[in-house]
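>>> All I have is the shape, not the residue letters:
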């Protein structure tokens, strides 16, 4: 009986260690290109938008980025340094936005245009900037 308890404790510890392992996918052009991410959270708060109007990030050939930041479209060039990412030469449309889209827009553009710590996994991209943390879910156009 005592052996079963020790086995159970050992198995629980092993499963806990596996569950808390970092995602650890290297941040490379090959791992980022040709993917589409949809914004799910800003600073731990869910982003609830109409279907088809969610803020997003698409990274195409030669790390060219584009997407919707809330109500305005943006585009630029992704740069990578180690596990950090930013979009340089960012340009966007200039429509007036209302809340909550204006808040999403400010968080998304500031985090994407400045160097942010990036944590990439098979299904998520987490960007932690100076002011905000964004969680994007992989939502490729072709599955």
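All right, it came through fine. No experiment lies behind these values; they were computed from the predicted model shown.
>>> mind checking how far stretch 113-120 is from the chain centre?
Its chain's average C-alpha position is 9 Å from that of stretch 113-120, according to Cα atoms, centre = their mean, to the nearest Å.
>>> avg pLDDT for that stretch?
The average pLDDT for stretch 113-120 rounds to 97.
>>> And stretch 89-109, by the same measure?
Stretch 89-109 shows a mean pLDDT of 95.
>>> what residues does it touch?
The contact list for stretch 89-109 (Cβ atoms under 8 Å, 6 or more residues apart in numbering) reads 39, 42-43, 47, 49, 55, 69-77, 112-113, 131-132, 134. Where you see a C-beta, it was placed from the backbone N, CA and C, and this is true even at glycine.
>>> switch to 7 Å and redo it
Under the criterion Cβ atoms under 7 Å, 6 or more residues apart in numbering, residues 39, 42, 47, 55, 69-77, 112-113, 132, 134 lie in contact with stretch 89-109.
>>> Of the residues you listed, keep whichever come out buried.
Buried members of these, scored by 16 or more other Cβ atoms under 10 Å, are 39, 42, 47, 55, 69-72, 74, 76, 112-113, 132, 134.
>>> In the chain, what residue spans correspond to strands?
Ranges of strands in the chain, per DSSP state E, are 35-42, 45-46, 56-59, 64-68, 73-81, 84-92, 116-120, 124-128, 133-138.
>>> looking at it, residue 83 is touching residue 28, isn't it?
No. Applying Cβ atoms under 7 Å, one finds residue 83 not in contact with residue 28, separated by 10.5 Å.
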